[in-house]
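K.L.:
Got a predicted structure here, sequence first:
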Amino acid sequence: MSVSLHLEVVTPDKQLLSEDVDYVSLPGFEGEFGVLPGHISYVSALRIGILSYVQGAVRERVFISGGFAEVMDNTVTVLAESAESARDIDASRAERARERAEQRLRQERVGEQVDMARAQAALQRATLRINMCR
């Protein structure tokens, strides 16, 4: 009998994913970490990044913009601020978001007040989304 993991990805708006998988990779604040069946109980804060999971021979990716992950009893529960599967990402929208973020960062250089951390986070989110579309 094969043991698998149950992966759930939940945002404040929806449950994006509820699947049995073989492996999950998550963008933890201390670095990427992987989860296989039988993993010890674990809780981690997540940074903006790519969650990937394997089902048989298929690898899927999900963009997440921070949150928390809990691993317990062969279940990985991700509570994300926002999440999008690779197939749901609108590449042109992500490109426009990247351009806006770059423009905000350039404005800081010419003396306008810009929340640098917020602009850098927006640029990081847009860049990751664009890269997932390629």
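P.N.:
Perfect, thanks for sending it.
K.L.:
quick one, helices of the protein?
P.N.:
Secondary structure of the chain (DSSP state H): helices at 91-109, 116-133.
K.L.:
low-scoring pLDDT stretches of this structure, where are they?
P.N.:
Along the chain, segments meeting pLDDT under 70 span 1-2, 108-114, 134.
K.L.:
Could you tell me how far the nearest residue to Gly34 once chain neighbours are set aside is located from Glu60?
P.N.:
Setting aside the residues directly before and after it, Gly34 is nearest to Ser25 in space (CB to CB, 6 or more residues apart in numbering), at 4.9 Å. Bear in mind the C-beta positions are built from the backbone N, C-alpha and C, glycine included. Per CB to CB, to the nearest Å, Ser25 is found 11 Å from Glu60.
K.L.:
Please enumerate the shared neighbours of the two.
P.N.:
Ser52, Tyr53 (CB atoms under 8 Å, 6 or more residues apart in numbering).
K.L.:
residue contacts, Ala121?
P.N.:
Counting by CB under 8 Å, 6+ apart, the residues that Ala121 touches are Ile48.
K.L.:
which parts of stretch 7-22 are buried?
P.N.:
Leu7, Val9, Val10, Thr11, Leu16, Leu17, Val21, Asp22 (16 or more other CB atoms under 10 Å).
K.L.:
Please list the members of these that lie in strands.
P.N.:
Of the positions in those, Leu7, Val9, Val10, Leu16, Leu17, Val21 sit in strands, assigned by DSSP state E.
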